[in-house]
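Visitor: structure here, sequence nowhere to be found:
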């Protein structure tokens, strides 16, 4: 029952946590892939 109430709370408030923490938790390979993709699209 607690999990149901907790999930409804997050849906109603829209509070899903800090986005900076999610960025830190990225896999190192994913981070490098994103940098390479950005480099290729900007042409630098």
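Guide: That came through fine. These figures come from a predicted structure and were not determined experimentally.

Visitor: and the helices in the protein?
Guide: Ranges of helices in the chain, per DSSP state H, are 2-13, 19-24, 28-42.

Visitor: can you list the ones you listed in a markdown table and add mean neighbour count and mean pLDDT?
Guide: (Glycine included, C-beta is placed from N, CA and C.) As requested, these are arranged in a markdown table below (neighbours: other C-beta atoms under 10 Å; pLDDT from 0 to 100):
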| stretch | mean neighbour count | mean pLDDT |
| --- | --- | --- |
| helix 2-13 | 9 | 82 |
| helix 19-24 | 8 | 57 |
| helix 28-42 | 10 | 89 |
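
Visitor: for residue 32, see how far away residue 14 is.
Guide: Distance of residue 14 to residue 32, computed by C-beta to C-beta, to the nearest Å: 31 Å.

Visitor: then residue 13?
Guide: 34 Å.

Visitor: please apply the same query to residue 26.
Guide: 10 Å.

Visitor: same thing with residue 39?
Guide: Per C-beta to C-beta, residue 39 is found 10 Å from residue 32.

Visitor: kindly report the same for residue 12.
Guide: Residue 12 is 37 Å from residue 32, by C-beta to C-beta.

Visitor: then residue 6?
Guide: 35 Å.

Visitor: contacts only, for residue 13.
Guide: Applying C-beta atoms under 8 Å, 6 or more residues apart in numbering, we find residue 13 in contact with no residue.

Visitor: against residue 28, how distant is it?
Guide: 32 Å.

Visitor: same question for residue 42.
Guide: Taken as C-beta to C-beta, the span from residue 42 to residue 28 is 21 Å.
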